[in-house]
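J.: Curious how this folds, go ahead:
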Amino acid sequence: MAILTRADGVPEWRRRTPRADLLVWAGWFGAVALTLLCFQFISDRTIWAFVWDAPTQGADLIARMFPPRWSYASQLWKPLLDTINMATIGTALAIVIGVPLAFLAAHNTTPSRAFVRPAVLFIIVASRSINSLIWALILVIILGPGLLAGILSIALRSVGFIAKLLYEAIEEIDPTQVEAVTATGASRPQVLGWSIVPQIMPAFAGISVFRWDINIREATVLGLVGAGGIGMQMQASINVLAWPQVTMIFILILGTVLVSEWLSARVRHAVI
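T.: I've put the predicted structure just below:
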């Protein structure tokens, strides 16, 4: 905001100064120029004949996907159960690792703000920076295809998510409760158990269930790189162009995600 004085001495309010207006217009011009440059870059590397033909190809693919092959569902229950187990065990493993990391990362519970906290924050950022699909690609190479690679990839991805949200919840606790318990002469573990943990339990439950819900969805695609679960069935069906089977897999995945969403919402509503 700026107040300018006119030639007759009467003050005039303006939202911005002329210099600020010029900078705003320059910013808009730069944004438009960058957008056009990016479009030109993408356009030069796009085969537009495929783009114009995409609606026809999409309609043909959808026509081949219906009706679903309902009889194929009997072969999908075990892979679907493997997918749910992968997400559940991976989430549990991430909780076991992520909870201690959260207490080490929170500034009001870490034993060392100079050394331990920065190191743990780096671990949390590293975990959140790498997608579970990338973890699965690496672990399949190391461990071979199967559920173990999927479980570990979900766990490694989820550790950073759980630890970050939980240490933020720890940092937002009411310090007066900690001071009250400390004033009774309680030891550090007792302070932790009686004044900090009770305050973060609702957040912990919500974070854990929410991450499990996310991992259900992520586990369905890890099989595409050999990490087990229903994704391997999907990849096999796509490879032989069995599109009605792919549709059946989509239906089961959608139903599983809807159920997990409903369960997580009910749990978060009951706890928080």
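
J.: For stretch 259-272, buried residues please.
T.: Ser260, Ser264, Val267, Arg268 (16 or more other C-beta atoms under 10 Å). All C-beta spots, glycine's among them, are computed from the backbone N, C-alpha and C.

J.: Minimum pLDDT in those residues, which residue is that?
T.: The lowest pLDDT within the buried residues of stretch 259-272 belongs to Arg268, with 72.

J.: hang on, it packs against Ile207?
T.: No: Arg268 lies out of contact with Ile207 (C-beta atoms under 8 Å); the separation is 9.4 Å.

J.: and Ala183, how many neighbours?
T.: If you count neighbours by other C-beta atoms under 10 Å, Ala183 ends up with 8.

J.: Specify which member of the buried residues of stretch 259-272 is nearest to Ala227.
T.: Lowest distance from Ala227 to the buried residues of stretch 259-272 (C-beta to C-beta) belongs to Ser260, with 18.6 Å.

J.: Quick check: closest non-adjacent residue to that closest one.
T.: Spatial nearest neighbour of Ser260, excluding adjacent residues (C-beta to C-beta, 6 or more residues apart in numbering): Ile216 at 4.3 Å.

J.: That neighbour touches Leu80, doesn't it?
T.: No: taking contacts as C-beta under 8 Å, Ile216 lies outside contact range of Leu80: 10.5 Å.

J.: list residues touching both of those two?
T.: Thr256 (C-beta atoms under 8 Å, 6 or more residues apart in numbering).

J.: out of those two, which sits in the busier spot?
T.: Neighbours were counted for Ile216 and for Leu80 using other C-beta under 10 Å; Ile216 has more, 24 against 19.

J.: Identify the residues contacting that one.
T.: Contacts of Ile216 by C-beta under 8 Å, 6+ apart are Thr83, Ile84, Ala87, Thr256, Val257, Ser260.

J.: If you tally nearby residues, what's the number for the fourth one?
T.: The number of residues packed near Thr256 is 19, by other C-beta under 10 Å.

J.: hang on, the earlier thing: go through the buried residues of stretch 259-272 and name the one nearest Ala106.
T.: Ranked by distance to Ala106 (C-beta to C-beta), the buried residues of stretch 259-272 are led by Arg268 at 21.9 Å.

J.: The closest one and Ile95, how far apart?
T.: Separation of Arg268 from Ile95 (C-beta to C-beta, to the nearest Å) stands at 16 Å.
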